[in-house]
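Participant: Take this sequence and fold it.
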Amino acid sequence: MKNWKILIFLIALAAILGMLWYHYRSEERITIVTDKEEYKPEDNLKVVIRNDSSQKICFSSCYPYYLERRNGQWESYKYVECFDFDSNGNCIQAKKEQAFELILPKVEEGLHRLAIPVCMGCESAEEFKEDQRFYSNEFWIK
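Facilitator: Next up is the predicted model:
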């Protein structure tokens, strides 16, 4: 009788671990990491975007990122209107990564991050439609 209880416990434990492993492996993850934790205005910021999802991700040709500043809560800087066709610009295939560089604008000092809107599984020639938004690590502009 005691052996049956142990066997049932081990089967239940294996099932729970299997479900957790499946959930972890199927989760859509995008990782965005900057090369430093501190910058000056007009510095060159390098960022690596890792697409660990099962789909290709594409970025807006008009606004591939938004710079946000922590001011109690996260606030995006104001951007001028884009009059060009906002297509799915640069894309990263599933399970791949790509590095980008950008020059930081002259902005206020403080804690910042990049907000990256993405279209999941889109085609390059289509109009950009944001499906999800991912965020980089936080960094200081001093």
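Participant: Mean pLDDT per helix and strand in the chain: which one sits at the bottom?
Facilitator: The helix or strand of the chain with the lowest confidence, counting by mean pLDDT, DSSP states H and E, is helix 2-26 at a mean of 64.
Participant: Counting by contacts, list what the helix or strand just after that helix packs against.
Facilitator: Toward the C-terminus, helix 2-26 is succeeded by strand 30-34 as the next helix or strand (DSSP states H and E). Applying 3 or more CB pairs under 8 Å, 6 or more residues apart in numbering; DSSP states H and E, one finds that strand 30-34 makes contact with strand 44-51, strand 110-120, strand 132-135. For the C-beta atoms, the positions are set from N, CA and C on the backbone; glycine is no exception.
Participant: if you set the cut-off to 6 Å instead, what comes out?
Facilitator: Applying 3 or more CB pairs under 6 Å, 6 or more residues apart in numbering; DSSP states H and E, one finds that strand 30-34 contacts strand 44-51.
Participant: Outside of the strand it packs on itself, which residues are in contact with it?
Facilitator: Residues outside strand 44-51 that contact it (CB atoms under 6 Å, 6 or more residues apart in numbering): 30-35, 39, 57, 92, 96-104.
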